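Novice: okay, sequence plus prediction incoming.
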Amino acid sequence: MNLDPPIPSSEVTLERLDPLSAAAARPITRGAALLALALPPLALVASAHEITQPVWILVSYAALVAAVWLLLDRSRASHPLWRPASAQLFQVLLMVMLITSTVATVGANDRLRDDWAPLIVGVMLVASTPYRPAREIVFWTGVHTLLCAVLGIVQSPFATSELPALAYAVTGSFSVAVMGFAAAAYARSLTSSTQLWQTRAWGAAAAAAVQQRSGVARSVQQRRISVLNREFVPYLQRLLATEAVSDNDRDEARRLARNIRALLVADVERSWAQLMLDDLVGQHPQLNITAFADDPHDLGRHSVLERRTLLRALAALSVERLAATDLELHLSAPDGRLAVHWSVATPRPIRDAQRELRSMLELIRGFTLSSSVREKPGRLVIEFEYGY
Amino acid sequence: MPLGLPPHLATRTTSTAVARAGHAAAAVCLAAVGLIVISIQAHLPQAIMWPAIVVLIPMVVLLVLLERSPSSFIALSYLVIGGLCVTWYSLIASTQLDTPMANDDFSIVLLKLALILVIGVGPSFGASMLWSTAGYVIGELASLVALVWLQAPWHFDLVAFVTWFTVIGLLAVLRADRLTGRDSQSEIYRAARDEMLADVRRVFEQRAIALLHDTVLNQLAVITSTTNSLSPAIRAGISADLATIVGQEWFVVDPFAAATDEPGHESAAGGQVNRAARLRAVIDDAAAGAVRVDLSGDAAVLDALDAESFDELSRAIGQCIANVRRHADIDSADVILGGAFREVSAMVIDGGRGFALDDRTDGRLGVGTSIVGRLETIGGSATVWTQPGKGTSVLLRVPAYDATLGQSVRP
């Protein structure tokens, strides 16, 4: 099988392995973001007396807003996958929030266990689970836990209870550790199970294809023979029965050679994209569909199996769910990456069409570098670019 | 591009992951309690806090067991013993620290959270909700027992309640989302199967085109250039090709067959002779008596090919010789067999008139289909070196059969 190289374990995210799971988790992300934004004002109302440096609480909240914005923006359905650089920025913003919120209450924080900042960091780590690798979540959980522990020890002299500093370190960092490690365990379990399943699924599909080789070989031979039986075979049989070759025989040989050659050349030159569309249209003879593929360099054929599979699935869904009347597929490689322009004419309202393809569009988002969906009169246009 | 999880596995996989997350969180809770107890013991050496650490051991052991081999029995044991541990811990902490017991004390809350985070053992989110609820209820009852024992007042434990509520909410959201939105997944599986079958079909279509080029178009070209009657050799050639086209299986469909599995093969030495002889026959057919072909090199390398690869390599070599006969304007050629690591190669050399590679006028047929395309279908490759007046050399390379993989080493 010619598949994409496996995703390095340091970059495996749930979103890349199973975009639909990530899409399912999006309401949780939004809920977590809302909670994160609402919690500090509520906590301030309850313990306003702890604020000794109001400016720093504003800085802290600003860092939180920036982190939440990053989280929501990078997890949007229309946004490409979350890149490591901005993910690290997200974590740094959370660190800034932790430090500045501590500075804001320095000297007056009598109970560490009700601090909102570590709780929010934990919530944010959970919210980022579908979009970031488990390893990264573990790393940042460790960093935030350590930071919270240090901040807990720093604040311990001002606390009302006379507990050892280590107890304050635990109290201050507990919520980060519990949620962060839970998030990492969730991500790790889900990604490893998904990878295992996918290895088996591709293997099973390949085995099924191997089992059907004999049948496919016979059908290919039969199809060719039926073409040859129309003229070529009777011609040769007739020729073998005669003594001399006449001018008419030679003319007929030339004509037959021209026709057969044209047929073979057309077969050889037909791109994968056109072949795939023709195959699909042929499976639905009752529908009146026109299909056109523009792939002069036959980029589709040189694509890995996974990419061709996504294109085939999109084409099949367009025909079967949208009752497509016209399909257009353009493949190009402007920057060395395979770029896809997919256009479908459908009698359905475009909004309905988009709803029908919702989960497929989620898949495309997860599997591609960038993607967009737009509307032209009577047509749904989907563009995406492979590569990471 | 990964396939994603199919609907029937999504629920099970996610609920397992949620349970693992819960167990990780529970482990953090127990570890935090342990650290707190150790720090207090170090801070107050006169207090006897070690029994509180001992209380944690059965919970940790059961949590590990639950994680490794989840079962209802272990989960139930974890909850029951965990409940007793909460009571026992509350009593020890209160008596040793000489403070009034509070059911919302931080370390007691952590133990109760460890019970709520049992999450569950099965694939059902509904069952997970019940297990977590049971953990919440048992934790609250256990701390209530300690309160009654010590005659301390009860407080509403907001943290435990919020944690339970959050866990239940998360499970409910995941449950609702799992029921919808996976409809395109089955389409992806179907497309993957169809695409692999299309790959298989493409291979055979390519070989069929090569075969028709070598037989049908070849015979029609011969007939076109015949001025009078067909010679016996041409008649025999046409008859043989006609028999091939309508009377035989075109393809060897045995990709994973080792050389030793071939019909008629009785020994390794016999196999070499057999394959070398078969290759010789293909070459002689292609030469049609007009070209003298010297076959040299190590014929044993042919045994390193599976049946399908050998068949296609032979046909490609035959087509090279046919090209020498038709175009090279020379009556001799050499075929040299060789082998390298996991590869079999054949070099076809003639000292004929050669050609300019860019001057080919046969579209994408000819060398492209009969030789290059044919070898590509078995993971091989062909390289042509030629110049007008300087002869032609064609290097054919095919991956060898790998007995350890049970298939040819194809890219």
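Specialist: Nice, I can see it.
Novice: show me the shaky parts of chain A.
Specialist: For chain A, residues meeting the criterion pLDDT under 70 lie at A:1-6, A:78, A:112, A:387-388.
Novice: ranges for the strands of it?
Specialist: Along chain A, the segments classed as strands by DSSP state E run A:290-294, A:326-332, A:339-345, A:370-376, A:379-385.
Novice: out of these, which gets nearest to chain B?
Specialist: Comparing these by their distance to chain B (Cβ to the nearest Cβ), the top pick is strand A:379-385, with 11.4 Å. From N, CA and C alone the C-beta is placed, and that goes for glycine too.
Novice: what sits up against the closest one?
Specialist: The contact list for strand A:379-385 (Cβ atoms under 8 Å, 6 or more residues apart in numbering or on different chains) reads A:314, A:322, A:326, A:337-346, A:350, A:353-354, A:357, A:361, A:364, A:368-375.
Novice: how is the chain partitioned into domains?
Specialist: You didn't say which chain, so I picked chain A. Structural domains of chain A, as assigned by automatic domain parsing, span the residue ranges A:9-204, A:213-269, A:272-385.
Novice: please refer instead to chain B.
Specialist: Under automatic domain parsing, the residue ranges defining each domain of chain B are B:7-181, B:186-408.
Novice: lowest average pLDDT across these?
Specialist: The stretch with the lowest mean pLDDT among the domains of chain B is domain B:186-408, which comes in at a mean of 80.
Novice: distance from the chain centre to it, please.
Specialist: Using Cα atoms, centre = their mean, to the nearest Å, the mean C-alpha position of domain B:186-408 is found 31 Å from that of the whole chain.
Novice: distance of B:Ala243 relative to B:Ser77?
Specialist: Plainly put, B:Ala243 is 77 Å away from B:Ser77 if you go by Cβ to Cβ, to the nearest Å.
Novice: which one of those two is surrounded by more residues?
Specialist: The residue with the greater number of neighbours, taking B:Ala243 and B:Ser77 and applying other Cβ atoms under 10 Å in any protein chain shown, is B:Ser77; the counts read 16 against 10.
Novice: could you find the closest non-adjacent residue to that one?
Specialist: B:Leu62 (5.7 Å; Cβ to Cβ, 6 or more residues apart in numbering or on different chains).
Novice: any idea which of the domains of chain A is most buried?
Specialist: When you average the neighbours per residue for each of the domains of chain A (mean count of other Cβ atoms under 10 Å in any protein chain shown), domain A:9-204 leads with a mean of 20.
Novice: now do the contacts for B:Leu44.
Specialist: B:Leu44 sits next to B:Leu97 when contact means Cβ under 8 Å, 6+ apart.
Novice: run the last query once more with 10 Å
Specialist: The neighbourhood of B:Leu44, defined by Cβ atoms under 10 Å, 6 or more residues apart in numbering or on different chains, consists of A:Pro164, B:Gln96, B:Leu97, B:Asp98.
Novice: what is the nearest of those residues to A:Leu256?
Specialist: Ranking the contacts of B:Leu44 by separation from A:Leu256, with Cβ to Cβ as the measure, puts A:Pro164 on top at 97.1 Å.
Novice: contact partners for the closest one?
Specialist: Contacts of A:Pro164 were listed using Cβ under 10 Å, 6+ apart, and they are A:Ile153, A:Ser156, A:Val170, B:Ile36, B:Ile38, B:Ser39, B:Ile40, B:Gln41, B:Ala42, B:His43, B:Leu44.
Novice: show me the helices in chain B, by range?
Specialist: Ranges of helices in chain B, per DSSP state H, are B:7-43, B:50-68, B:72-97, B:106-116, B:125-150, B:158-178, B:183-212, B:218-225, B:232-247, B:268-287, B:307-323, B:374-376.
Novice: and the ones you listed, which is most packed in?
Specialist: Looking across the helices of chain B with neighbours counted as mean count of other Cβ under 10 Å, the highest average goes to helix B:106-116: a mean of 26.
Novice: now that one against helix B:158-178, angle please.
Specialist: Here the directions of helix B:106-116 and helix B:158-178 differ by 20 degrees (axes from the mean of the first three to the mean of the last three Cα atoms, to 10 degrees).
Novice: B:Ala127 is nearest to which of the domains of chain A?
Specialist: Within the domains of chain A, the stretch nearest B:Ala127 is domain A:9-204; the backing value is 17.6 Å (Cβ to Cβ).
Novice: spatially, what comes nearest to B:Ala400 if we skip its sequence neighbours?
Specialist: B:Ala304 (3.9 Å).
Novice: A:Trp140 and chain B, how far apart?
Specialist: Per Cβ to the nearest Cβ, to the nearest Å, A:Trp140 is found 15 Å from chain B.
Novice: my guess is that residue contacts A:Val176. True?
Specialist: Yes: A:Trp140 sits in contact with A:Val176 when judged by Cβ atoms under 10 Å, with a separation of 9.5 Å.
Novice: common neighbours of those two, please.
Specialist: Overlap of the contact sets of A:Trp140 and A:Val176 (by Cβ under 10 Å, 6+ apart) consists of A:Leu94, A:Val121, A:Met124, A:Leu125.
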